[in-house]
Structure formats: C-alpha cells, structure tokens
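J.: please find the sequence and the predicted model below.
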Amino acid sequence: MYRICKEYHFSASHQLFQLPDDHPCARLHGHNYIVEVELESETLDTHGFVRDYRELDALKRYIDDKLDHRHLNDVLGDDCITAEQIARHFYDWCKKCWPEVSAVRVKETPKSCAEYRP
C-alpha cells in the first residue's frame with residue numbers, strides 16, 4: 001500500500017457550547033489548526049504517484065476562502081465544533097474530490113490530535 005500525506009495550516013475560533021460554563025473550551029477561543037490529509041492506494045498512476053500533490057491545492061483554496069480567520073461555529077453551522085468533527089468535515093470534503101483519501105487528522109495544539117478514518 002502506498003500512502004501520502006499533505007499538511008495545511010489555518011487559524012480560526014470556535015466555542016463548545018455543550019460544555020459546562022467553567023470549562024475553558026466553553027468560552028470563545030481560537031487555535032492555529034494543522035490539518036493533515038492522507039491518501040492511499042495499492043497502485044500508482046502513470047506518473048508514479050498516488051495523487052499529484054499539486055491536485056491537493058484545491059483544499060488549500062477551500063481552507064483559505066472558507067475557514068481561515070473565521071468562527072467555525074458560524075461556518076460549519078453547529079454549536080458543537082470539536083476537533084473530531086472538524087476532521088470528519090475535512091474527510092468528507094476531501095473524499096468528494098479524491099477517492100484515495102483514507103484519513104484526516106486535525107491538530108488544535110502541538111500535543112493534541114483528532115483523526116477521522118472510516
């Protein structure tokens with residue numbers, strides 16, 4: 001199995017309304033997110049790629065246009081925007097573009113990561 005990954009960065013705010021008022025994530029706060037999309041295939045294309053990295057530029061444009069420096073609760077339309085849900089959102093978006101997508105990881109901090117892998 002061949003596997004490639006590409007990483008993207010953006011900054012955004014969110015608020016987890018479902019948490020108790022004394023939980024720090026219940027307050028409006030932001031993160032410098034790192035999103036890593038993973039693609040895998042048992043075979044390579046005629047150029048020797050799982051997928052040309054340049055084709056993934058569409059994800060960068062989506063992030064820059066729709067998510068960077070935004071409030072994710074407003075953009076994603078939910079009161080519960082966790083890293084796990086953000087990973088699933090990116091997975092679903094990417095899977096529509098590239099069938100080789102196998103997982104998406106989202107880091108909110110350097111020490112925490114959520115992954116969606118069906």
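T.: Structure received.

J.: longest helix anywhere in the protein?
T.: Secondary structure of the chain per DSSP state H: the longest helix is helix 83-97.

J.: name the residues that touch it?
T.: Residues outside helix 83-97 that contact it (CB atoms under 8 Å, 6 or more residues apart in numbering) are 33, 35, 37, 58-59, 62, 72, 76, 78, 101, 103-108, 112-118. Placement of C-beta: from N, CA and C, glycine included.

J.: and it, what's buried?
T.: Within helix 83-97, the residues that qualify as buried are 83, 85-91, 93-94, counting by 16 or more other CB atoms under 10 Å.

J.: likewise stretch 111-118?
T.: So, applying 16+ other CB under 10 Å, buried residues of stretch 111-118: 114-116.

J.: and Asp22, what element?
T.: If you go by DSSP states H and E, Asp22 is not part of any helix or strand.

J.: any idea which residue of this structure is furthest from its center?
T.: In the chain, Thr46 marks the outermost C-alpha relative to the chain mean, sitting 28.4 Å out by CA atoms, centre = their mean.

J.: in contact with it, which residues?
T.: So Thr46 contacts nothing (CB under 8 Å, 6+ apart).

J.: so it: helix, strand or coil?
T.: coil (DSSP: H, G, I helix; E, B strand; the rest coil).

J.: count the neighbours of Leu39 for me.
T.: 22 (other CB atoms under 10 Å).

J.: quick check, distance from stretch 61-81 to the centre of its chain.
T.: 11 Å (CA atoms, centre = their mean, to the nearest Å).

J.: against Lys96, how distant is the nearest residue to Phe17 once chain neighbours are set aside?
T.: Once flanking residues are discounted, Phe17 sits nearest to Asp79: 4.3 Å by CB to CB, 6 or more residues apart in numbering. Asp79 sits 25 Å away from Lys96, taking CB to CB, to the nearest Å as the criterion.

J.: now Leu56
T.: Leu56 sits 13 Å away from Lys96, going by CB to CB.

J.: where do the helices sit along the protein?
T.: Here the chain has its helices, by DSSP H, at 57-62, 72-76, 83-97.

J.: redo the ones you listed as JSON lines? Include distance to Ile4.
T.: JSON lines is the format used below for the helices of the chain (distance: least, CB to CB, whole Å):
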{"stretch": "helix 57-62", "distance to Ile4": "13"}
{"stretch": "helix 72-76", "distance to Ile4": "26"}
{"stretch": "helix 83-97", "distance to Ile4": "13"}
